[in-house]
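Novice: Give me the fold of what follows.
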Amino acid sequence: MRRRLTAIFAADVVGYSRLMGANEAGTLTALEKLRTEVLEPRINAHEGRTVKLTGDGMLVEFPSVVSAVACAVEMQRTMRERNADAPPGQRMEFRIGINLGDVIVEGEDIFGDGVNVAARLESVATPGGIAVSQSVCDHVGNRLNVRFEDRGEQQLKNIEKPVRVYDILLEEPELTTMPSQKKEKPSIAVLPFTNMSGDPEQEYFSDGITEDIITDLSKISALSVIARNTSFTYKGKAVKVQTVGQELGVEFLLEGSVRKAGPRVRVTAQLITSADGTHIWAERFDRDLTDIFAIQDEITHAIVEQLKVKLLPREKKALGQAPTDNVEAYNYYLRGRDFLY
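Specialist: Numbering: from 1, shown residues only. You can find the predicted model right below:
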């Protein structure tokens, strides 16, 4: 059985049955014209491979998740232009879902959970829109001139675990910065924690702590959390919190440092209001290395308390689960994950 990691792109036509019922021949002709003039040229330009066509839908894989998103954005923006002058009942719109996942390869076809999640993301995308998974959002980061809107964790049909869903906003940003504004739910960015160990080889550990805090906060549906890749663009840079807040459009920033020495670890963390740089919470943790998961849990719950966020029962349960009780295994895991970036 062959497997590979790939970017999976699933798309179908909105209201296809209605369009076929109204004008079968015209709909088929219009769809074929769109495939020839809009879809296929862009898929080829971004090195995608059409795995299969399913009537009104298509499954495509890309070697790069950035290419998959760029292709989808170009498609949907082009479709908006083509539909601008068409009567509402005659517009042909697509929903697109994109996931980065492991797939099973059989000949020219692909199967597995990675494909299933992409298909379910497509089903929850808005007409003319693009829905993506957390893994896609994290890997794209700020590599494309697009913005992501967090829809929180959703239970997708026939998918065992909830999936955090993001919509891609197709409107061209008017400014190079995203204006900070009051949102319905608090927004936060976790800046890369500084390695204070005096050993560059320990960089993986401080980065790993940062990533795990981002992951934990992302499990909270009442919080809007900036993706890992976006936050890490500030790694090693001396920047003002007000500038970061304005560029990312967030109300709060979490920053800190990590010092690891033998069996002991010291973690400091500060929660800051981006508008004026005011500290609203700060703490220092001097613990045994075996307490590292408890430290992360305390930081997460402190943020929840300070921002007056209400946790759902399943979120409380998810946050209370340590990934392992073997600190040595966790250390090797962080080392391995560091090679991914």
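Novice: L144: which element?
Specialist: Counting by DSSP states H and E, no helix or strand carries L144.
Novice: what's in contact with stretch 117-128?
Specialist: Contacts to stretch 117-128, defined as CB atoms under 8 Å, 6 or more residues apart in numbering, come from residues 8-12, 14-15, 57, 59, 76, 79-80, 83, 93-99, 101, 131-133, 154, 156-159, 163, 165, 167, 170. (C-beta placed from N, C-alpha, C; glycine too.)
Novice: I'd assumed V136 was in contact with N99.
Specialist: Yes. The criterion here is CB atoms under 8 Å, and N99 meets it with V136 at 6.4 Å.
Novice: anything in contact with each of those two?
Specialist: In contact with both N99 and V136: A7, using CB under 8 Å, 6+ apart.
Novice: show me the contacts for the closest residue to D212 other than its chain neighbours.
Specialist: Closest residue to D212 apart from its sequence neighbours, by CB to CB, 6 or more residues apart in numbering: Q296 at 5.6 Å. Listed by CB under 8 Å, 6+ apart, the contact partners of Q296 are I209, D212, I213, D216.
Novice: How about M58?
Specialist: Applying CB under 8 Å, 6+ apart, we find M58 in contact with A10, A11, D12, R35, L39, T50, K52.
Novice: Parallel or antiparallel, which strands does the helix or strand that contains it pair with?
Specialist: In the assignment (DSSP H and E), M58 maps to strand 57-62. Note on strand 57-62: by DSSP bridges, its sheet partners are strand 2-13 (antiparallel), strand 49-54 (antiparallel).
Novice: For the first one, output the C-alpha coordinates as PDB.
Specialist: Meaning strand 2-13. C-alpha atoms of strand 2-13 as PDB (Å, rounded to 0.1, in the frame of the first residue of the first chain):
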ATOM      1  CA  ARG A   2       1.500   3.300  -1.100                       C
ATOM      2  CA  ARG A   3       0.900   6.500   0.800                       C
ATOM      3  CA  ARG A   4       1.900  10.100   0.400                       C
ATOM      4  CA  LEU A   5       1.300  13.500   1.900                       C
ATOM      5  CA  THR A   6      -0.500  15.800  -0.600                       C
ATOM      6  CA  ALA A   7      -2.700  18.800  -0.900                       C
ATOM      7  CA  ILE A   8      -6.200  17.700  -1.800                       C
ATOM      8  CA  PHE A   9      -8.600  20.100  -3.600                       C
ATOM      9  CA  ALA A  10     -12.300  19.200  -4.000                       C
ATOM     10  CA  ALA A  11     -14.800  21.300  -5.900                       C
ATOM     11  CA  ASP A  12     -18.400  21.000  -7.200                       C
ATOM     12  CA  VAL A  13     -21.000  23.200  -8.700                       C
END
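Novice: Quick one: distance of it to the chain centre.
Specialist: 16 Å (CA atoms, centre = their mean, to the nearest Å).
Novice: re earlier: please spell out the ChimeraX selection for the buried subset of the contacts of stretch 117-128.
Specialist: Remark: buried members of the contacts of stretch 117-128, expressed as a ChimeraX selection using 16 or more other CB atoms under 10 Å:
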select :8,9,10,11,12,14,57,59,76,79,93,94,95,96,97,98,99,101,131,132,133,156,163,165,167,170
